[in-house]
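**Student:** Sharing a model that was predicted from the sequence below.
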Protein chains: 2
Amino acid sequence: MADPDAQVIARLRDLLGERGVREQPDDYLPDIVLKPESTEQVSAVLELCNAAGQALVPLGGKTGLASGHFQTNGEIGLSLERMNAIEEIDSDNRTMTVQSGCILQVAAEAAAERELLLPMDWGARGSATVGGGVSTNAGGNMVIRYGMARDSVLGLEVVLADGTVVTSLNKMLKNNTGYDLKQWFIGAEGTLGVVTRVVLRLRPLPTSQNTALLAVQDFPRVAELLRFLDARSGGSLSAFEVMWPDFYEYITREGYVHPRPLPHGYGHYVLVETQGSEPVHDAERFEAVLGEAMEQGLVEDAVLSRSQAERNELWEIRDDVLDFFNLGPFIPFDVSVTIERMEAFIADIRAQMAQYDGAICVVFGHLGDNNLHLNLGNRDAQKFDYEAMQTLLYETVEKYAGSISAEHGIGLSKREQLPRSRSAEELQLMMRLKRMLDPHNILNPNKIFSAEQIAAA
Amino acid sequence: MADPDAQVIARLRDLLGERGVREQPDDYLPDIVLKPESTEQVSAVLELCNAAGQALVPLGGKTGLASGHFQTNGEIGLSLERMNAIEEIDSDNRTMTVQSGCILQVAAEAAAERELLLPMDWGARGSATVGGGVSTNAGGNMVIRYGMARDSVLGLEVVLADGTVVTSLNKMLKNNTGYDLKQWFIGAEGTLGVVTRVVLRLRPLPTSQNTALLAVQDFPRVAELLRFLDARSGGSLSAFEVMWPDFYEYITREGYVHPRPLPHGYGHYVLVETQGSEPVHDAERFEAVLGEAMEQGLVEDAVLSRSQAERNELWEIRDDVLDFFNLGPFIPFDVSVTIERMEAFIADIRAQMAQYDGAICVVFGHLGDNNLHLNLGNRDAQKFDYEAMQTLLYETVEKYAGSISAEHGIGLSKREQLPRSRSAEELQLMMRLKRMLDPHNILNPNKIFSAEQIAAA
């Protein structure tokens, strides 16, 4: 473990002042964290660190699920927490310009006050930052309708490893002026530059929302239901969350906190939601389309929420993923598989897990966007084998030509698995860009690629 | 003008056979055009040309509006016309995989047969290719709802300058496995690699379509109407095309081919369209929302199309842009400006054009995506001053912080103007990628950047 050079730290302290440096020894996170208050300070920090060969880990809300914010070799943290201003909400062009450290929920609420929707929303909304979401191309609950974080970014400002500030704060939906630079940095996990400001595209705030929990007999019907609802809802389908019985039946077990809106025993449970602009008609339509789905045998049983409280109850079932840790230790996986391969993929995983006594194997997912989450572990902590679970899962993902990361990114924890989803040519090309933009490898080193891989590329 | 090396041509002829090489002297297009029939042949061609320093112009449907397909210094053409297969339409995942040379309309019709929509559509649909549309990040008629070409690309295959084939034929909506390489090549106008295959995202085919032509008094009401309709149409607004009177009144002039659905004399004419999945309700809703807009004073007069024939009549007015050449010579410009600056921008252009006797100044645009088209010229060909029109327009775009290219790209014709919309840091970063990926500058040289700029970067 390399320690940061004391002289470098002293110079950074001079640059940022006492308020700009925090020391906080930690097993995983950087012990020393810089807190610049402006793009100019970020630029000065990077210029200094680049010249000194001092590596940095850019930090957002530290809610990432791929250890992208961990330190690996004595890096200094670079937190954007003091750069959290909402600089502008532009109702004419339906955009907002925010500094990277702005908390996602704060941004979304400010947009909602202007009757605009920021369609970036996921569980960690209360502590995740806009910059972190953009840098990891986060997904979340509305991807099926509005896309990933990438699709909400119109412009950004990024500071390169050498301190160069590249300001590309475009607000226009159409702008074909040369290469679309911002795309390089979205989802790059802080390895190519530090995003300091973002222009986000906003949408009209929906005025109606209809939610239901559906019971579906088998997977082919789940897939058919998705196509059916999408075709019948005229672009308003905003969620299609599938829970397998191992998920639903555990979370709605006797004596635990949740109600049980639908009985146990069905093959799949699907939480669907539409968002529209006609409260009365949208509710009628939602019911009529679900009725048709039942007539066609796609849906066995259904519960529609009649109030915000009932809606919350349904979503709390889907969102209560942390409760599974009461079962025993497990790894929460995040993968993608094409729909026609999904059933065979899951059956294959289950067959392999069956060899373990006390196996935990819980499946749920967004599905509408190919994303499956799998919790694989063991009720007996002694028998929980981290390496074995990883190998089992990722080998199977590779076998079904899936993606080892749907929305969480690669970070540190999936780095070794990346060749399962990307070819040698793709990896080589990525590393060439990394070397070009960060020749001294000071930006979040060892994430996505190891320092050794980069050096050898 | 450099001539291609005879020996290189001979070797290319050996590689591709007689059917694979076409000679066709032309003032603007390359005289010799290669027609590979496979990715392997594209790779072999590039490897050979890269080693020999022979530059190439990748060719799609040659319908681009920025001269990106012109030759500049004896380049050979590389046409993808024989690689035009639709390899797969995947209804489960709603994707299609096509070779680059596939004609846009052919791809769209094949998707429609499966009740799926390929949301890439623009005037040149009958000759433009998918690869050309992806390489220029083309826009078109449905951008407001479905985005640019970029937003329909899930995966692609690209051949790099040195012949390396990078196959990234992802089909999944979510796939966060390292840098999103495909974004580098979309909209790069063939300067970074040759796109050979594309996986496109398809949508459910709408089953209802409602179209109207509206008269609106002034620009603030046009902007307000856009927000109003977008908020009230629950995501179904698919077109919002604005014609200023100089456009509408000329195209619907006495004695010409079009009917005149609304009288002359209004401030603006807006063609709006929604696409949905409920034919009866959508029509009622469309009428009700337009009625509300009239009550609120946003709309003065309206004509709704009652049949496909009536819809076609409305669109033919909007699409009849070539007729303006009967007025006299003009340049068709394609720019973006943010909405709150648009009125002042247009007034500024008109005031400057007023100094020219016989000035042509016609304005129309998609508006919902910030895109304005302006035809600036002169009824008297003798007085038409190409340079003066360019300078006038682009200086004004720069003054209003607009984009010099909304959807047509940079190519050759806007290259000198690029610094008006992009900073020195942005341009520098673009050129670094170009140099990294194409060190001998064999891929569409002199497009976006001149060879001299690249060499000096």
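**Tutor:** All right, it came through fine. Numbers count the residues shown, from 1 in each chain, chains lettered A, B, ... in the order given.
**Student:** What segments of the stretch 301-450 of chain A are strands?
**Tutor:** A:301-304, A:330-336, A:359-365, A:371-378 (DSSP state E, counting those that start in this stretch).
**Student:** would you turn the ones you listed into JSON lines with mean pLDDT, distance to chain B and mean neighbour count?
**Tutor:** (C-beta placed from N, C-alpha, C; glycine too.) Listed next are those as JSON lines, based on pLDDT from 0 to 100; distance: least, C-beta to the nearest C-beta, whole Å; neighbours: other C-beta atoms under 10 Å in any protein chain shown:
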{"stretch": "strand A:301-304", "mean pLDDT": "98", "distance to chain B": "19", "mean neighbour count": "17"}
{"stretch": "strand A:330-336", "mean pLDDT": "96", "distance to chain B": "4", "mean neighbour count": "22"}
{"stretch": "strand A:359-365", "mean pLDDT": "96", "distance to chain B": "10", "mean neighbour count": "22"}
{"stretch": "strand A:371-378", "mean pLDDT": "96", "distance to chain B": "5", "mean neighbour count": "23"}
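**Student:** can you give me the helices for chain A?
**Tutor:** Assigned by DSSP state H, chain A shows helices spanning A:6-16, A:39-52, A:104-113, A:130-135, A:143-146, A:182-185, A:219-232, A:245-251, A:279-295, A:308-319, A:339-353, A:386-399, A:424-437, A:451-456.
**Student:** Show me chain A divided up by domain.
**Tutor:** Domain ranges of chain A: A:6-79, A:86-204, A:208-319, A:322-415, A:416-456, per automatic domain parsing.
**Student:** deepest of those, which one?
**Tutor:** Of all the domains of chain A, domain A:86-204 carries the top mean neighbour count, a mean of 22, counting by mean count of other C-beta atoms under 10 Å in any protein chain shown.
**Student:** Check the separation of the first and last residues in that domain.
**Tutor:** 19 Å (C-alpha to C-alpha, to the nearest Å).
**Student:** Just confirm A:Arg311 contacts A:Ala212, I think it does.
**Tutor:** No: when contacts are counted by C-beta atoms under 8 Å, A:Arg311 is not listed as touching A:Ala212 (9.5 Å).
**Student:** Please enumerate the shared neighbours of the two.
**Tutor:** Residues touching both A:Arg311 and A:Ala212 (C-beta atoms under 8 Å, 6 or more residues apart in numbering or on different chains): A:Ser305.
**Student:** what's A:Arg221 in contact with, if anything?
**Tutor:** The contact partners of A:Arg221, by C-beta under 8 Å, 6+ apart, come to A:Gly297, A:Leu298, A:Val299.
**Student:** now A:Tyr394
**Tutor:** By C-beta under 8 Å, 6+ apart, A:Tyr394 lies in contact with A:Ile404, A:Gln417, A:Arg420.
**Student:** Can you tell me how far it is from A:Asn137?
**Tutor:** Distance, A:Tyr394 to A:Asn137, using C-beta to C-beta, to the nearest Å: 20 Å.
**Student:** For A:Glu340, give its distance to chain B.
**Tutor:** Distance check for A:Glu340 against chain B: by C-beta to the nearest C-beta, to the nearest Å, it reads 4 Å.
**Student:** returning to what we had before: considering the contacts of A:Arg221, which is situated nearest to A:Gly126?
**Tutor:** Taking C-beta to C-beta as the measure, A:Gly126 lies nearest A:Val299 of these, at 33.7 Å.
**Student:** For the stretch 1-150 of chain A, give me the ranges with low pLDDT.
**Tutor:** A:1-2 (pLDDT under 70).
**Student:** for the closest residue to chain B within it, what are its contacts?
**Tutor:** As assessed by C-beta to the nearest C-beta, chain B sits closest to A:Asp92 within the stretch 1-150 of chain A, at 4.4 Å. Counting by C-beta under 8 Å, 6+ apart, A:Asp92 makes contact with B:Ala223, B:Thr338, B:Ile339, B:Glu340.
**Student:** most distant residue from the middle of chain A?
**Tutor:** A:Gln7 (37.2 Å; C-alpha atoms, centre = their mean).
**Student:** Could you double-check that A:Tyr100 lies in contact with A:Arg197?
**Tutor:** Careful, residue A:100 is Ser and not Tyr. Yes: under the criterion of C-beta under 8 Å, A:Ser100 makes contact with A:Arg197 at 6.5 Å.
**Student:** rewinding a little: how near is the residue farthest from the centre of chain A to A:Val134?
**Tutor:** 33 Å.
**Student:** And A:Asp334, by the same measure?
**Tutor:** From A:Asp334 over to A:Val134 the distance is 18 Å, taken as C-beta to C-beta.
**Student:** Quick check: the gap between the residue nearest to A:Val216 when sequence neighbours are not counted and A:Ala223.
**Tutor:** Of all residues not flanking A:Val216 in the chain, A:His268 sits nearest, at 4.5 Å (C-beta to C-beta, 6 or more residues apart in numbering or on different chains). Distance, A:His268 to A:Ala223, using C-beta to C-beta: 10 Å.
**Student:** The nearest residue to A:Gly187 once chain neighbours are set aside: what's it in contact with?
**Tutor:** Closest residue to A:Gly187 in three dimensions, ignoring its sequence neighbours and counting by C-beta to C-beta, 6+ apart: A:Asn137, at 3.2 Å. A:Asn137 is in contact with A:Met148, A:Ala149, A:Arg150, A:Ile186, A:Gly187, A:Glu407, A:Gly409, B:Asn176, B:Asp180, counting by C-beta under 8 Å, 6+ apart.
**Student:** is the closest residue to A:Leu154 other than its chain neighbours in a bridge, and if so with what?
**Tutor:** Excluding its sequence neighbours, the residue lying closest to A:Leu154 (C-beta to C-beta, 6+ apart) is A:Val199, at 4.5 Å. Beta bridges link A:Val199 to A:Thr97, A:Gly155, judged by DSSP bridges.
**Student:** and A:Val199, what is it in contact with?
**Tutor:** Taking C-beta under 8 Å, 6+ apart, we find A:Val199 in contact with A:Thr95, A:Met96, A:Thr97, A:Val153, A:Leu154, A:Gly155, A:Leu156, A:Leu169, A:Asn170, A:Lys171.
**Student:** Verify the stated contact: the last one with A:Leu154.
**Tutor:** Yes: taking contact to mean C-beta under 8 Å, the distance of 5.8 Å between A:Lys171 and A:Leu154 places them in contact.
**Student:** Overlap of the contact sets of the two?
**Tutor:** By C-beta under 8 Å, 6+ apart, A:Lys171 and A:Leu154 have these common neighbours: A:Thr95, A:Val199.
**Student:** need the residues of the stretch 1-150 of chain A near chain B, please.
**Tutor:** A:90-94, A:115, A:136-137, A:139, A:143-145, A:147-148, A:150 (C-beta under 8 Å from any C-beta of the partner chain).
**Student:** Many thanks, I have nothing further to ask.
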